[in-house]
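Student: No sequence on hand, only this structure:
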């Protein structure tokens, strides 16, 4: 057991406290640790990855608050790791998809901290469970939701204040994605705030401003199980199966006999996947357009660019900053040996700025020639199952925005999430001229 496991969230933050304003080029290369959540909270991470891509693309950090790990920072290295699941496991028993997880020979299946989910499984379990969920995100099903999203987006936008500052994240980003979560789960819309709360809880488990210990956060997450356990039982008792996600899990051959821990794990995956990625791209798009007024002018002059702009927003924001894997055997890469059991971090947020693959990668360009050339949805068998639904919400929202407003003005600094996993925006003060 690592000595860090006995520390509270605050003690861990204090032990590894850093000065986020220090120039990363002044730090010895072998001491460079791009994983510190404060770098993301204060938006200071980019030069760390710039240096690593240029000087040490496959970098080993010996000491961090999450233990030792490798950083893969280039587009092609990340693609290789993501597409070779037989070499790099995402299985929870091998360490999972987040930093800090370690292989374990005998996991406690009923531990409140042990939450298997299909993204943290290798084939065949991963494939079988993903197949149960996938029909909810087919092109046909997504097309059926479009009218509802248009209606909701329009209502949200029409109710926004004019000439008055408000938080775009709360009033728009969270609201639209929360309504969609409630719809795909077929739970009451008035319960969507619970879904958002549990999604936020996942990302704040190690944040001392929210929970002194991870135990406190996990206690809140098990309230999510209590809620959806009741929903599960109601769906199981129905004479005719529904077409919502919970009903799919209830009747799916690979999911109908899940343990409570596995059920909660998969519910949290679907909640976070359906909320955080789209929500932060919605917020990140408004911020990016304000930071690049020439691109905002281009959009208003030609709204037909929205389908190209949306994947560019997702690349630019990179809402999932990284995913982890654990080497299942010794792997040679870039003349280095990644040892069996080593944790490997795929920094999507860095690969999306790799200028050797993406032309003018440090520029936000809404009419980019190949806008889908990004890593934000992952690659290989774990590619985001709901990516098309997320893109459609962004497309619809921006179609409705340009019909109504000549400009959404960012009038203050964004407040970022203290997380190196979800590249999130908590607050974005804006004003709509009226």
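Tutor: On my side now, so go ahead. Source: prediction; values computed, not measured.

Student: Only C-alpha atoms from now on, for both contacts and neighbour counts.
Tutor: Noted.

Student: Tell me how many other residues surround residue 215.
Tutor: 15 (other C-alpha atoms under 10 Å).

Student: What strand or helix carries residue 359?
Tutor: Counting by DSSP states H and E, no helix or strand carries residue 359.

Student: Count the neighbours of it for me.
Tutor: There are 14 residues near residue 359, going by other C-alpha under 10 Å.

Student: and what of residue 262?
Tutor: Per other C-alpha under 10 Å, the neighbour tally for residue 262 reads 19.

Student: can you tell me how far it sits from residue 382?
Tutor: 18 Å (C-alpha to C-alpha, to the nearest Å).

Student: Which parts of the longest helix along the chain count as buried, going by neighbours?
Tutor: Longest helix of the chain, by residue count under DSSP state H: helix 260-291. Neighbour-count burial for helix 260-291 flags 260-290 (criterion: 16 or more other C-alpha atoms under 10 Å).

Student: so which strand or helix has residue 310?
Tutor: Here residue 310 is assigned to helix 306-317, by DSSP H and E.

Student: on contacts alone, who are the packing partners of the helix or strand harbouring residue 295?
Tutor: Taking DSSP H and E as the definition, residue 295 sits inside helix 293-301. Under the contact criterion of 3 or more C-alpha pairs under 8 Å, 6 or more residues apart in numbering; DSSP states H and E, helix 293-301 touches helix 260-291.

Student: pretty sure residue 94 is touching residue 326, no?
Tutor: Yes - judged on C-alpha atoms under 8 Å, residue 94 makes contact with residue 326 at a distance of 6.2 Å.

Student: Can you give the contact residues for the helix or strand of the chain with the lowest mean pLDDT?
Tutor: Ranking every helix and strand in the chain by mean pLDDT, DSSP states H and E puts helix 9-15 at the bottom, with a mean of 86. Outside helix 9-15, the residues that touch it by C-alpha atoms under 8 Å, 6 or more residues apart in numbering are 4, 65, 206, 207, 208, 211, 212, 213, 214.

Student: rerun at 7 Å
Tutor: Applying C-alpha atoms under 7 Å, 6 or more residues apart in numbering, the contact partners of helix 9-15 are 4, 65, 206, 207, 208, 212, 213.

Student: What is the distance between whichever helix or strand comes after that helix and the centre of its chain?
Tutor: The helix or strand immediately downstream of helix 9-15 is helix 37-41, counting by DSSP H and E. Mean-position distance between helix 37-41 and its chain equals 15 Å (C-alpha atoms, centre = their mean, to the nearest Å).

Student: middle-most residue in the protein, spatially?
Tutor: With distances taken as C-alpha atoms, centre = their mean, residue 320 lies nearest the centre of the chain, 3.5 Å away.

Student: Quickly list what that residue is bridged to.
Tutor: Using DSSP bridges, the bridge partners assigned to residue 320 are residue 422.

Student: my guess is it contacts residue 378, does it?
Tutor: No - using C-alpha atoms under 7 Å as the test, residue 320 is too far from residue 378 to be in contact (8.9 Å).

Student: Let me know the pLDDT of the closest residue to residue 115 other than its chain neighbours.
Tutor: In this structure, residue 115 finds its nearest non-sequential neighbour in residue 265, 4.5 Å apart by C-alpha to C-alpha, 6 or more residues apart in numbering. Listed pLDDT for residue 265 reads 94.

Student: Can you list phi and psi of the nearest residue to residue 33 once chain neighbours are set aside for me?
Tutor: Distances taken as C-alpha to C-alpha, 6+ apart place residue 61 nearest to residue 33, at 6.1 Å, with adjacent residues excluded. Backbone torsions of residue 61, given as degrees, to the nearest 10, read phi -110, psi 120.

Student: In the sheet, which residues pair with residue 61? Tell me.
Tutor: What pairs with residue 61, by the bridge criterion (DSSP bridges), is residue 69.

Student: Near it, how many other residues are there?
Tutor: The burial count for residue 61: 17, using other C-alpha under 10 Å.

Student: In contact with it, which residues are there?
Tutor: 30, 31, 32, 33, 68, 69, 70.

Student: who's in contact with the third one?
Tutor: The contact partners of residue 32, by C-alpha under 7 Å, 6+ apart, come to residue 61.

Student: Check the second one too.
Tutor: Counting by C-alpha under 7 Å, 6+ apart, residue 31 touches residue 61.

Student: Give me the pLDDT for it.
Tutor: In this model, residue 31 carries a pLDDT of 95.

Student: Assign residue 357 to helix, strand or coil.
Tutor: Three-state call for residue 357 (DSSP: H, G, I helix; E, B strand; the rest coil): coil.

Student: Nearest residue to it in space, ignoring adjacent ones along the chain?
Tutor: In space, residue 357 is closest to residue 75, 6.9 Å off (C-alpha to C-alpha, 6+ apart).

Student: isn't that neighbour right up against residue 347?
Tutor: No - look at residue 75 against residue 347 with C-alpha under 7 Å: they stay out of range, at 9.0 Å.

Student: just to revisit the earlier point, tell me what angle the longest helix of the chain forms with helix 293-301.
Tutor: 100 degrees (axes from the mean of the first three to the mean of the last three C-alpha atoms, to 10 degrees).

Student: what about helix 260-291, distance to the chain center?
Tutor: That offset, for helix 260-291, works out to 5 Å (C-alpha atoms, centre = their mean).

Student: sorry, back to before: what's the residue nearest to residue 357 in contact with, if anything?
Tutor: Going by C-alpha under 7 Å, 6+ apart, the list of residues near residue 75 reads 351, 352, 354, 357.

Student: which residue ranges form the strands in the stretch 51-200 of the chain?
Tutor: 58-61, 69-72, 88-89, 166-167 (DSSP state E, counting those that start in this stretch).

Student: Just the mean pLDDT for the first one, thanks.
Tutor: The pLDDT scores in strand 58-61 average 98.

Student: Name the residues of that strand that come out as buried.
Tutor: 58, 59, 60, 61.
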